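**Q** 3D, please:
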Amino acid sequence: MFLDWGIRGGASVEGVPFVLWLSCGLVPWLFIGSGIVQGANSVSSQLGHVSKMKFPLSVLPSITILTQLISHLIMLVMVLIAVVIKYGFFGLSYLGIVYYLIASLSLLSALALFTSTVSAFVRDFRFVIGAVTRALFFITPIMWTVNAKTPELLKKVIHYNPVTYLVDGYRNAMLFNQFYIATAYTAGFWLGVAVLFVWGAFIHVRFRKHFMDYQ
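**A** A predicted model of the protein is given here:
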């Protein structure tokens, strides 16, 4: 079957063809990575268009992230079709996809409130965001797996990386019929999102009246 060909000569990961395993991690990453970058630029890139109208600038980060959702859903459906063809329908575990989609949107929205505010005042901040996003890609197990040879420090970084939580969650729900959220890992993720949202909202509300001064 075509899913058994290609990268690594067909070598599987946990019994799953590498191309399919990679796709189930890459699809959520493309949404998350794009959301991080576009969310940071959401205010600064639109100030010129909304400066002469009464428009709630606070919704720009969320609108920008939601515009990425359509392409994400299309790619997600394509990968799910490939999974169903290969393994059949897993049923209730697919509810996890909805959960991790909501979790991704929540993280990106909370992060964008902060990064879009900073980017509006410090235009070069977008280069920092770009560099951090690229680093996240390489420290998230998207194209590789954690094993006994992985350094302990890197394992800790991966564990506390919220993107790992999301990518692994998508992958487990789609490929391994697993959907468990009653864990300390989940509690830590949502606590981090809540803190980030409160901090981001505070910074955004405090400085948004000065946005037009920096257009």
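**Q** flag the shaky bits of this protein, pLDDT-wise.
**A** Counting by pLDDT under 70, the chain contains low-confidence ranges at 1-10, 43, 45-58, 210-215.
**Q** which element is encountered next along the chain beyond the longest helix seen in it?
**A** Ranked by number of residues, the top helix in the chain under DSSP state H is helix 95-121. Next helix or strand after helix 95-121 toward the C-terminus (DSSP states H and E): helix 125-139.
**Q** on the three-state scheme, the residue nearest to the spatial centre of the chain is what?
**A** Note on the chain: the residue nearest the mean C-alpha position is Ile32, at 2.4 Å, using C-alpha atoms, centre = their mean. Assigned by DSSP: H, G, I helix; E, B strand; the rest coil, the conformation of Ile32 is helix.
**Q** Ala103 is in contact with that one, correct?
**A** No - taking C-beta atoms under 8 Å as the contact criterion, Ile32 and Ala103 are not neighbours in contact, 10.3 Å apart. Where C-beta positions appear, they are placed from N, C-alpha and C, glycine not excepted.
**Q** can you give me the strands in the protein?
**A** 12-13, 16-17 (DSSP state E).
**Q** circling back: are there residues contacting both of Ile32 and Ala103? Which ones?
**A** When C-beta atoms under 8 Å, 6 or more residues apart in numbering defines a contact, the residues bordering Ile32 and Ala103 alike are Leu166.
**Q** just to revisit the earlier point, what sits against the residue nearest to the centre of the chain?
**A** Taking C-beta under 8 Å, 6+ apart as the definition of contact, the neighbours of Ile32 are 104, 107-108, 163, 166-167.
**Q** over to Phe176?
**A** Taking C-beta under 8 Å, 6+ apart as the criterion, Phe176 is in contact with 14, 93.
**Q** now the residue lying closest to Leu196 once chain neighbours are set aside: how far from Ser12?
**A** Beyond its immediate neighbours in the sequence, the residue positioned closest to Leu196 (C-beta to C-beta, 6 or more residues apart in numbering) is Ala110, lying 4.3 Å away. If you measure Ala110 against Ser12 using C-beta to C-beta, to the nearest Å, the figure is 36 Å.
**Q** neighbour-wise, which of these two wins?
**A** For Ala110 versus Ser12, the count of surrounding residues by other C-beta atoms under 10 Å is larger for Ala110: 22 against 13.
**Q** I'd say that one and Gly200 touch.
**A** Yes - with contacts defined as C-beta under 8 Å, Ala110 counts as touching Gly200 at a distance of 5.5 Å.
**Q** and which of the contacts of Ile32 is nearest to Tyr185?
**A** The shortest gap between Tyr185 and any of the contacts of Ile32 belongs to Leu166, at 11.3 Å (C-beta to C-beta).
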